[in-house]
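>>> sequence first, then the predicted structure, then my questions.
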Amino acid sequence: MPTREDLDAIFSEIPIFILRFDEHIGVVNSEVLRRLGINQNTKDPEGGKIGRFLDGQPNGILVDKALPTEDILNNSWIKDSMRQNLLKVQEEFFRKGLTSVSDMGINFDTLDFYRDMEEKGYLKMRVHVYLNEVCFKEKERIVKEMSKNGLGLVQVRGLKLFVDGSFGASSGALYEPYTNDPNNYGLLRILPEKLNYLAKQIDEMGMQLSIHAIGDRALTYALNALSCTRNRFLRHRVEHLQLVNEETLKKMKQLEVLAVIQPIFVSTDSLWAEKRLGRERIQLAYPLKRVVEKGIKIAGSSDCPVASADPFLGIYFAVSPKDLEGKELPDWVRKERIEIKEALKIFTEGSSYALHENKGQIKQGMQADFMVLSENPLYLPIQKIPSLLVLQTYLGGQLVWAITSL
């Protein structure tokens, strides 16, 4: 990974910030460090890490809560481009048959943006908002916003909490250290005591909890926090759960906590995950079939923009033992693949259930959000699933997208 010295060689006076696609690690040049006030004496923030050279000077690598992500998102240029980007993304989502999306860990400014886009007639799809931890300080505002649920396309569904980082950034919280970094156990972005307190408070407000937990230690803390909450009623969910043993799966089933899983992650992570976790531990990583067999409710997810939002790619990697080029995936990936019928279920019925939506099945009383496909995926060879065409997309019984030519 490059350091600030590499970036300084390109531009030393113009700020440079390169963010990994999972948004858990990035690198900046010296100018950014100067603007952030980060120097040799700066301590690591709680839940974050400042990379350093051997002499203690910051090397420009920033992990999780040390990242200036919020400052970047508050850039006026980005805000000005949001409407144009929304229209492009909405069109692309309709083209892939998507009618509902979740926006995770956002602030009130972004919520206001969605409200404004709906009021002006630009927003056409259902948006489920999960606010960030900072928003929870304004409980009265949250109650006011939740009172509008059911009146339009934008729903304030819940609140997103991050327990740890990611395996890609080597910051997912583990019980045993990373195989390729023996002194690194990952990061906790929130301590267990605070997590337990917030989970109780959020549950009492009637909000759905969405807890990011990648490593096995993070998942334990997440489930402990959900041990006294109304999981069946509010459908609290754990995002990712990328390292989990059988006892933890049993606990998850007993607590009736939803598992939100991104099968598409194996397309990238299978190239390096075993080096980080080791041959023995990787056998418990990236579970899917084991979660299905335990009877845990699963919602299929993309984690877009970390990965493609294309649901057919998600379905493909849920069932296929091979990558898109036809190369066989590692054995620990292959043993977790599921049948096509189950994969379709988690990306329709399962995802809708996680959003408290009354859809995901074609039957009387359900919302008429559906797509018309060029072929039946139940009878297609696996390798053809990614190339499935959506002919039409309907939302609330109304046609919102149609292919113009085959």
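Everything's here; your move.
>>> find the nearest non-adjacent residue to residue 396, please.
residue 368 (6.0 Å; Cβ to Cβ, 6 or more residues apart in numbering). (Glycine included, C-beta is placed from N, CA and C.)
>>> tell me the domain boundaries of this protein?
4-73, 81-354 (automatic domain parsing).
>>> weakest of those domains by average pLDDT?
Mean pLDDT values for the domains of the chain show the minimum at domain 4-73, a mean of 87.
>>> and it, how far out from the chain's middle?
Here domain 4-73 is found 23 Å from its chain centre; the criterion is Cα atoms, centre = their mean, to the nearest Å.
>>> and residue 138, what is it in contact with?
residue 108 (Cβ atoms under 8 Å, 6 or more residues apart in numbering).
>>> circling back: determine which stretch of the domains of the chain is the most buried.
Mean neighbours per residue, mean count of other Cβ atoms under 10 Å, is largest over the domains of the chain for domain 81-354, with a mean of 19.
>>> quote the end-to-end distance of that one.
Terminal residues of domain 81-354 lie 30 Å apart, using Cα to Cα, to the nearest Å.
>>> what does stretch 129-145 give?
Stretch 129-145 stretches 10 Å from its first residue to its last (Cα to Cα).
>>> next: stretch 370-379.
This stretch, stretch 370-379, spans 19 Å end to end (Cα to Cα).
>>> which strand runs longest in the chain?
strand 154-162 (DSSP state E).
>>> one step back: pipe the domains of the chain into TSV and attach distance to residue 374 per row.
Formatted as TSV, the domains of the chain follow (distance: least, Cβ to Cβ, whole Å):
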stretch	distance to residue 374
domain 4-73	30
domain 81-354	11
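>>> of those, which is nearest residue 401?
Checking the domains of the chain against residue 401 by Cβ to Cβ gives domain 81-354 as the closest, at 3.6 Å.
>>> just how off-centre is that closest one within its chain?
Computed by Cα atoms, centre = their mean, the separation of domain 81-354 from the middle of its chain amounts to 4 Å.
>>> now the helix or strand that the longest strand of the chain is followed by - C-alpha only, CSV.
Per DSSP states H and E, the first helix or strand lying C-terminal to strand 154-162 is helix 192-204. Coordinates of each C-alpha in helix 192-204 appear next as CSV, following Å, rounded to 0.1, in the frame of the first residue of the first chain:
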residue,chain,number,x,y,z
PRO,A,192,-19.2,-3.3,24.3
GLU,A,193,-20.6,-1.2,27.2
LYS,A,194,-21.6,1.7,24.9
LEU,A,195,-23.0,-0.8,22.3
ASN,A,196,-25.2,-2.4,24.9
TYR,A,197,-26.5,1.0,26.1
LEU,A,198,-27.2,2.2,22.5
ALA,A,199,-28.9,-1.0,21.5
LYS,A,200,-31.3,-0.8,24.5
GLN,A,201,-32.0,2.9,23.8
ILE,A,202,-32.6,2.4,20.1
ASP,A,203,-34.8,-0.6,20.7
GLU,A,204,-36.9,1.3,23.2
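>>> helices or strands up against helix 192-204?
Here helix 192-204 touches strand 154-162, strand 208-213, helix 216-225, going by 3 or more Cβ pairs under 8 Å, 6 or more residues apart in numbering; DSSP states H and E.
>>> export those to TSV and tack on distance to residue 380?
Shown next, in TSV, are the helices and strands packed on helix 192-204 (distance: least, Cβ to Cβ, whole Å):
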stretch	distance to residue 380
strand 154-162	33
strand 208-213	32
helix 216-225	34
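>>> select, out of the ones you listed, the one closest to residue 117.
Nearest to residue 117, of those and by Cβ to Cβ, is strand 154-162 at 8.6 Å.
>>> tell me the helices and strands packed up against the closest one.
Partner elements for strand 154-162 (3+ Cβ pairs under 8 Å, 6+ apart): strand 100-106, helix 108-119, strand 126-131, helix 139-146, helix 192-204, strand 208-213.
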